[in-house]
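A.B. asks: Quick check, what structure comes out for this input:
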Amino acid sequence: MNSLIPWVGGKGKLLWLIHKLAPSSYERFIDVFGGGGTVTLNHPLQHGCIEIYNDYNSNLTNLFCCVKNRTMALLKELGFLPLNSRDDFNVLFKFFSKDEFDDDYMKEELELTEVFLPPPEAEAIKKLMLERAPRGDIRRAADYFKLIRYSFSGGGKSFAGKPCDIRCFFHLIWKCARRFANVVVENKDFEDLIRQYDRKNAWIYCDPPYYEAEDCYQVEFPKEDHQRLHDVLLTCQGRVMVSYNYCSYICELYKEFYIYRTKRPNSMSQKAGSEYEEVIITNYDPEQCAAQLNMFRMVCGAHDGEDIPYELIHTPEKNWIWRKNDYEIQSESRSRE
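C.D. replies: Model (predicted):
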């Protein structure tokens, strides 16, 4: 599934390897640096698995909260409404048939339904509205959505210069709202979030701002934060995966972890054939989780990039062993193997 917005450092080209090296079983998935939501949106649904999307950018989390909880009002603000066709009504009906509204904004959502949908369609939709929504700033969310969509590479800092009809993203917003229906959206510092949700049965995925590329992101991330992230991940009970740019500092910093290296086309470069080297870092041995790749292929099909080479470039001196029966993690010296 495509991301709702383009995003600097988006993981669309790396999804195949993220899923290939993912643990085979867990009961909670935490996307610590959620960004444009690509990893969460494409995370295979698992019965009983809690999903948490987090980002420290409050404009971004506000957008996802509004997409999830105030879809009608956001569509109106973006200029997608009124909806006049039978197809438009069917989209609304199918969407709301499994969602409910019961928050402070339900009255406004119901009023918008009456304004933009003629009876009896309006009555049919209103009967399905019974649920949710943390407070979200609709105008702020709409403005931010347009800012990112009209900016170069989704950076929000410069105009792209290419025409972009915002109305083309109508159905993408509905799809994202449906996928995020049961996702917990957080806006917290990464350390606070990890300590809150870390459990022995958790998979914690981190895609922090890349080292010495922090200026490309909208949230500050000094060198001290790279160290702070490493330190908190080292103490985690759950399984940890981190994606980073390949460089000597990161490889040395995460020497207690497994490190895989790969490369992908560099979308930020204007030079033809330019490639970018990245690493996937884990606190567990991904080779023991090979079954996950087969499950991912069955659920999502083959993905672009699966023929791109990757290699294990570092194995930690101490190996974190995962006990399948009780989720207990223990440290074991590789010299004993």
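A.B. asks: which ones are touching residue 179?
C.D. replies: By Cβ atoms under 8 Å, 6 or more residues apart in numbering, the contact set of residue 179 is 1, 40, 41. Backbone N, C-alpha and C define where each C-beta goes, glycine included.
A.B. asks: Among those, which are located in helices?
C.D. replies: 40, 41 (DSSP state H).
A.B. asks: and the least confident of the contacts of residue 179?
C.D. replies: Lowest in pLDDT among the contacts of residue 179 is residue 1, which has 79.
A.B. asks: residues near residue 225, how many?
C.D. replies: 17 (other Cβ atoms under 10 Å).
A.B. asks: neighbour-wise, which of the contacts of residue 179 leads?
C.D. replies: Going by other Cβ under 10 Å, residue 40 tops the contacts of residue 179 with 25 neighbours.
A.B. asks: Now do residue 249: how many residues are near it, please.
C.D. replies: 13.
A.B. asks: That one is in what secondary structure piece?
C.D. replies: According to DSSP states H and E, residue 249 maps onto helix 248-253.
A.B. asks: Kindly report the same for residue 280.
C.D. replies: Secondary structure from DSSP H and E places residue 280 in strand 275-282.
A.B. asks: Now do that strand: everything it contacts.
C.D. replies: Strand 275-282 is contacted by residues 14, 17-18, 21, 239-246, 250-251, 254, 257-266, 268-269, 310, 313 when judged by Cβ under 8 Å, 6+ apart.
A.B. asks: Sheet partners, orientation included, of it?
C.D. replies: If you go by DSSP bridges, strand 275-282 pairs up with strand 239-245 (antiparallel), strand 258-265 (antiparallel).
A.B. asks: could I get the contacts of residue 179 as CSV with distance to residue 57?
C.D. replies: Compiled in CSV, the contacts of residue 179 are given as follows (distance: Cβ to Cβ, whole Å):
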residue, distance to residue 57
1, 21
40, 15
41, 17
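A.B. asks: As CSV, could you dump the C-alpha coordinates of the strand holding residue 280?
C.D. replies: Taking Å, rounded to 0.1, in the frame of the first residue of the first chain, the C-alpha atoms of strand 275-282 are listed here in CSV:
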residue,chain,number,x,y,z
GLU,A,275,22.8,4.2,-5.3
TYR,A,276,22.6,4.6,-1.5
GLU,A,277,24.0,2.1,0.9
GLU,A,278,21.9,1.2,4.0
VAL,A,279,22.0,-1.2,6.9
ILE,A,280,19.4,-3.2,8.8
ILE,A,281,20.4,-3.7,12.4
THR,A,282,18.8,-6.3,14.7
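A.B. asks: what's the average pLDDT for that strand?
C.D. replies: On average, strand 275-282 scores 91.
A.B. asks: List the buried residues in that strand.
C.D. replies: Neighbour counts over strand 275-282 (16 or more other Cβ atoms under 10 Å) mark 276, 278, 279, 280, 281, 282 as buried.
A.B. asks: Next: stretch 252-267.
C.D. replies: 253, 254, 256, 257, 258, 259, 260, 261, 262, 264.
A.B. asks: Then stretch 186-203?
C.D. replies: Applying 16+ other Cβ under 10 Å to stretch 186-203 flags 186, 187, 188, 190, 193, 194, 197, 198, 200, 202, 203 as buried.
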